[in-house]
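[1] Fold the following and give me the result.
(one chain, ligands or ions: 1)
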Amino acid sequence: MQHLGDIRHDWTEAEVKALFELPFNDLMFQAQTVHRQNFDPNEVQVSTLLSIKTGACPEDCKYCPQSGHYNTGLEKERLMQVEKVLEKAKKAKETGSTRFCMGAAWKHPADKDMPYVIEMVKRVKELGLETCMTLGMLDESKANQLADAGLDYYNHNLDTSPEFYDKIITTRTYQDRLDTLQNVRDSGMKICSGGILGMGETAKDRYGLLMQLANMPVQPESVPINMLVKVEGTPLENVDDLDHLDFIRTIAVARIMMPKSHVRLSAGREKMSDEMQAMTFFAGANSIFYGECLLTTPNPETHRDIQLFRKLGINMEQRISDSDATQEAALMNDLQKQQDREHFYEA
Ligand code: SF4
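    Reported below is the predicted structural model:
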């Protein structure tokens, strides 16, 4: 007999639909129960994301300001120098991140770029950070090169259901994405893969996305759930808003279907109120991107996150417990001093 919280790879659409259609409180209770079986409910993992090559991407993802197909006024940048990446990684570590994600707007990494990205992985790891990259499609050889360099995670999102996919992207297929994920898995790296909600998809597409992720032979270790950030100049700039309760339900169902994965609140978090974010943590989200910049879209200021964590009694998940705990304590202390100062008027 199967129990709530078992890892399953045979989810059917009817089962997923039934979860989505549970009364809200029942769904939240189930999701929170599964969450508590697998994680400390008051801990959130924190990653920082840096764009190491911005814009002029040949792909046509309709949500993306980095696509060369749309004119969004985004400033394009070449591949960032390794030293500059290291500077940013050190800063991320100082502010409490345990994982440093580096993203490049490419169809796939070119042979000539591989030595640079490999160098980035090795040097960022030397700082004691976990590493993650998102560089587009990977063949077997490039996946192995990155794994040999020590890359911990590779991000490649499925974005949406197979049925809705070609309304969003035409320059690479769903199968291309699945192939990349397979190459990543075979290389021994961990998978970060999720999708974007609010692109005009139906509820059925949201079931389909979660089924694709959960029914993989090994579920992704990290599952980013993005809320579309509507950027002027992209084809999705005027799409209807997604009901926030549908977003929270999707997080809760993802938690139930992928009990041991970190479910990450990603793009779109900046527009969410504290209350909305609190609900997503309650629904089972336990990872966020942190810092000033989430690729090219705004992300809440670092301190807003710390303030929210304090209000909710949430701790940052530690990787190297002692030194990171000291850093977090220093940050909290700093914030306390700042808040204390704000209570006094300059006379
Ligand atoms: S592949 Fe990535 S960077 Fe390129 S258009 Fe799609 S989402 Fe944007």
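[2] Return the residues in contact with the closest residue to the ligand within the stretch 101-250 of the chain.
    In the stretch 101-250 of the chain, the residue that lies nearest the ligand is residue 105 (3.6 Å; C-beta to the nearest ligand atom). (Each C-beta comes from the backbone N, C-alpha and C, glycine too.) Residues in contact with residue 105, defined by C-beta atoms under 8 Å, 6 or more residues apart in numbering, are 51, 53, 54, 55, 56, 57, 66, 67.
[3] which ones are touching the closest residue to residue 33 other than its chain neighbours?
    Distances taken as C-beta to C-beta, 6 or more residues apart in numbering put residue 4 closest to residue 33, at 6.5 Å, once the chain neighbours are dropped. By C-beta under 8 Å, 6+ apart, the contact set of residue 4 is 30, 33, 34, 256.
[4] Derive a ChimeraX selection command for the buried subset of those.
    Only the buried entries of the contacts of residue 4 go into this ChimeraX selection, using 16 or more other C-beta atoms under 10 Å:
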select :30,34,256
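[5] Read off the pLDDT value for residue 154.
    Residue 154 is assigned a pLDDT of 96 by the prediction.
[6] Give me the three-state assignment for it.
    strand (DSSP: H, G, I helix; E, B strand; the rest coil).
[7] Show me the beta-bridge partners of it.
    Assessed by DSSP bridges, residue 154 has beta-bridge partners residue 133, residue 191.
[8] about what we covered before: the residue of the stretch 101-250 of the chain closest to the ligand and residue 90, how far apart?
    24 Å (C-beta to C-beta, to the nearest Å).
[9] again, but for residue 59
    From residue 59 over to residue 90 (counting by C-beta to C-beta), the distance is 31 Å.
[10] most residues in a single strand of this protein, which one?
    Determined from DSSP state E, the single longest strand within the chain is strand 43-53.
[11] quick one: strands adjacent to it?
    strand 99-104 (parallel), strand 287-289 (parallel), strand 315-316 (parallel).
[12] What is the distance between that strand and the centre of its chain?
    Using C-alpha atoms, centre = their mean, to the nearest Å, the distance from the centre of strand 43-53 to the centre of the chain it belongs to is 8 Å.
[13] who in the stretch 51-200 of the chain is up against the ligand?
    57, 59, 61, 64, 66, 67, 105, 136 (C-beta under 6 Å from any ligand atom).
[14] For the chain, which residues score under the pLDDT cut-off?
    1-2, 291-302, 319-347 (pLDDT under 70).
[15] Quick check, central residue of it?
    By C-alpha atoms, centre = their mean, the mean C-alpha position of the chain lies nearest to residue 224, the distance being 3.5 Å.
[16] Am I right that it sits in a helix?
    No - under three-state DSSP, residue 224 falls outside any helix and is assigned strand.
[17] shift numbering so it begins at 87
    In the new numbering, first residue 87, that becomes residue 310.
[18] thought it was touching residue 243?
    Yes - with contact defined as C-beta atoms under 8 Å, residue 310 counts as touching residue 243 (6.8 Å).
[19] any common contacting residues for those two?
    The contact lists of residue 310 and residue 243 share 279, 280, 281, where a contact means C-beta under 8 Å, 6+ apart.
[20] rewinding a little: okay, residue 145 and residue 176: which has more neighbours?
    Each of residue 145 and residue 176 has its neighbours counted (other C-beta atoms under 10 Å); residue 145 has more, 19 against 14.
[21] residues touching that one, list them.
    By C-beta under 8 Å, 6+ apart, the neighbours of residue 145 are 153, 193, 222, 255, 257, 258.
[22] any idea how far the last one is from residue 103?
    What that stands for is residue 258. 29 Å.
[23] With neighbour numbers in mind, choose between the two.
    Higher neighbour count among residue 258 and residue 103: residue 258, with 19 against 14, using other C-beta under 10 Å.
[24] Next secondary structure after the longest strand of the chain?
    Sequence-wise, the next helix or strand downstream of strand 129-139 (DSSP states H and E) is helix 168-180.
[25] which secondary structure elements does that following helix contact?
    Counting by 3 or more C-beta pairs under 8 Å, 6 or more residues apart in numbering; DSSP states H and E, the packing neighbours recorded for helix 168-180 are strand 129-139, strand 185-190, helix 200-212.
[26] Swap in 6 Å and give it another go.
    strand 129-139, helix 200-212 (3 or more C-beta pairs under 6 Å, 6 or more residues apart in numbering; DSSP states H and E).
[27] Which among the ones you listed is found nearest to residue 400?
    strand 129-139 (5.3 Å; C-beta to C-beta).
[28] mind checking how far residue 121 is from the ligand?
    According to C-beta to the nearest ligand atom, to the nearest Å, residue 121 and the ligand sit 29 Å apart.
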